[in-house]
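S.K.: fold the following, please.
(one chain, ligands or ions: 1)
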Amino acid sequence: MSEFFSARYAGLIPYTPGEQPKDMKYIKLNTNESPFPPSPAVERAVAAESGRLQLYSDPENRTLRERLARRFSVSPEEVVVTNGSDEVLNFAFMAFADESRPLRFPDITYGFYPVFANLHGIPYTEVPLREDFSIAPEDYTGVRETVVIANPNAPTGLSLSLVEIERIVASNPENVVIVDEAYVDFGAESAIPLTKKYKNLLVTGTFSKSRSMAGARLGFGIGNKALIADLNTLRYSTNPYNVNRMTEMAGVAALEEDEYYMSNCRTIVENREWTTKRLQELGFSVLSSRANFVFAACPRIGGKELYLSLKERGVLVRHFDKDRIREYNRITVGTREQMEVLIRNIEEILKERSL
Ligand code: PMP
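M.R.: Down below sits the predicted model:
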């Protein structure tokens with residue numbers, strides 16, 4: 001830390017992104033990216049737009065917001081687009097939480113939530129998940145706090161039903177409920193239709209997972225017009241050009257190829273079920289995931305040891321050195337071939353250990 005760093009941030013512990021080592025070629029199952037490339041139409045759109053980079057992007061992102069609005073049956077005024085969904089989450093925390101409206105989220109969830117809360121000095125409560133790692137909806141009903149729920153949750157992959165989400169939203173009319181749907185396309189129910197009924201619901205989404213665009217950084221928020229206007233106040237106070245021209249056009253092209261991406265999601269779901277079964281056969285306990293990853297622990301080998309042994313063999317998974325989940329690894333679901341390599345390596349690691 002330099003002597004110039006503001007005391008305001010001196011205690012900040014930043015988010016640690018998943019590792020991206022360059023020392024060898026890894027099978028990357030550690031950051032929940034899609035194993036499938038963007039559709040050719042997206043590549044063409046990016047190439048075409050790159051010839052116009054001398055011009056600023058449209059600060060209103062009208063074309064993309066209109067397409068998103070059509071895709072999700074809302075109006076463009078109910079949509080904001082951002083540099084990854086991390087950015088819309090950041091704006092939402094700034095906009096809808098403070099000392100008088102503290103935050104409430106699970107103790108095991110997306111690691112960026114406490115980072116954003118600390119960044120903005122917002123008090124927060126981390127509510128323990130149940131013993132089986134599920135979220136107890138009653139912990140979030142009538143709480144008079146700004147609620148943040150990832151649905152499906154990460155890194156567990158477990159989801160709440162739409163009825164449970166609605167109960168939470170309906171019971172907190174004086175606070176915003178933020179539902180982070182980064183992984184919704186892999187089998188959970190989206191709460192977007194509820195934004196018509198509840199003015200305190202903000203749903204966030206991303207093109208990073210189901211739409212193969214993690215590197216383009218494109219996220220969005222959908223909610224009541226007034227909520228979106230608040231987020232825009234913060235966006236225009238930070239960076240009105242937060243979504244660059246190439247990313248905007250890539251997003252538009254991706255929405256035109258929806259069937260390609262939704263079919264990839266179905267493949268991931270099949271691979272997830274295959275991987276879950278194989279891991280269970282090897283003695284793992286695997287949570288019932290609705291996301292593009294599985295969260296699994298093996299009584300025969302420690303979580304960290306498995307992570308390190310897989311890394312040595314060129315397979316990267318994500319291990320969180322955190323109470324309650326230390327024995328688990330979060331494994332992104334890739335192609336069937338990648339999952340076969342994963343399982344083969346785990347079998348070999350376990351065999352070595354039992355000799
Ligand atoms: N929410 C959750 C639950 C996530 O796991 C992630 C991915 N790290 C994000 C939001 C943010 O992803 P992105 O900024 O790429 O949209």
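S.K.: and for the closest residue to R326 other than its chain neighbours, the neighbour number?
M.R.: Among residues not flanking R326 along the chain, G303 sits closest, at 5.4 Å (Cβ to Cβ, 6 or more residues apart in numbering). Where you see a C-beta, it was placed from the backbone N, CA and C, and this is true even at glycine. The tally of other residues near G303 (other Cβ atoms under 10 Å) stands at 20.
S.K.: OK, contacts around G303?
M.R.: G303 makes contact with 297, 319, 325-329, according to Cβ atoms under 8 Å, 6 or more residues apart in numbering.
S.K.: mind doing that once more with 6 Å?
M.R.: Counting by Cβ atoms under 6 Å, 6 or more residues apart in numbering, G303 makes contact with 319, 326-329.
S.K.: quick one: which of the residues you listed sit in strands?
M.R.: Applying DSSP state E to the contacts of G303, the entries found in strands are 328-329.
S.K.: adding neighbour count, pLDDT and distance to the ligand, write the contacts of G303 out as CSV.
M.R.: Supplementary listing: the contacts of G303 in CSV, determined by neighbours: other Cβ atoms under 10 Å; pLDDT from 0 to 100; distance: Cβ to the nearest ligand atom, whole Å:
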residue, neighbour count, pLDDT, distance to the ligand
H319, 23, 97, 15
R326, 13, 97, 19
E327, 17, 98, 21
Y328, 28, 98, 15
N329, 25, 98, 15
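S.K.: okay if I get the contacts of G303 as JSON lines plus distance to Y26?
M.R.: Supplementary listing: the contacts of G303 in JSON lines, determined by distance: Cβ to Cβ, whole Å:
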{"residue": "H319", "distance to Y26": "14"}
{"residue": "R326", "distance to Y26": "22"}
{"residue": "E327", "distance to Y26": "23"}
{"residue": "Y328", "distance to Y26": "20"}
{"residue": "N329", "distance to Y26": "15"}
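S.K.: quick one, helices of the chain?
M.R.: If you assign secondary structure with DSSP state H, the helices in the chain sit at 40-50, 62-71, 84-96, 112-119, 162-170, 225-236, 245-256, 258-281, 303-312, 336-354.
S.K.: nearest to the ligand, of those?
M.R.: With distances scored as Cβ to the nearest ligand atom, the stretch of these nearest to the ligand is helix 84-96 (2.8 Å).
S.K.: ok so, going back, can you tell me which of the contacts of G303 is closest to E43?
M.R.: When the contacts of G303 are compared for distance to E43 (Cβ to Cβ), N329 comes out closest, at 32.8 Å.
S.K.: what sits against that closest one?
M.R.: By Cβ under 6 Å, 6+ apart, the contact list for N329 reads 303, 306-307, 317, 319.
S.K.: the same query, at a cut-off of 10 Å, please.
M.R.: Taking Cβ atoms under 10 Å, 6 or more residues apart in numbering as the contact definition, N329 lies against 29-30, 155, 284, 293-298, 303-304, 306-307, 310, 317-320, 346.
S.K.: rewinding a little: what's the most buried one of the helices of the chain?
M.R.: helix 84-96 (a mean of 23; mean count of other Cβ atoms under 10 Å).
S.K.: what is that one packed up against?
M.R.: strand 79-82, helix 112-119, strand 146-150, strand 177-180, strand 201-206, strand 219-223, helix 225-236 (3 or more Cβ pairs under 10 Å, 6 or more residues apart in numbering; DSSP states H and E).
S.K.: just checking, what packs against the longest one?
M.R.: By that I understand helix 225-236. Using 3+ Cβ pairs under 10 Å, 6+ apart, the elements in contact with helix 225-236 are strand 79-82, helix 84-96, strand 201-206, strand 219-223.
S.K.: ditto for the fourth one
M.R.: For strand 177-180, the contact count by 3+ Cβ pairs under 10 Å, 6+ apart identifies helix 84-96, strand 103-106, helix 112-119, strand 146-150, helix 162-170, strand 201-206, strand 219-223 as packing neighbours.
S.K.: need the ones you listed in TSV with distance to M339 and mean pLDDT, can you?
M.R.: Below are the helices and strands packed on strand 177-180 laid out as TSV (distance: least, Cβ to Cβ, whole Å; pLDDT from 0 to 100):
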stretch	distance to M339	mean pLDDT
helix 84-96	26	98
strand 103-106	28	98
helix 112-119	27	98
strand 146-150	24	98
helix 162-170	30	98
strand 201-206	23	98
strand 219-223	27	99
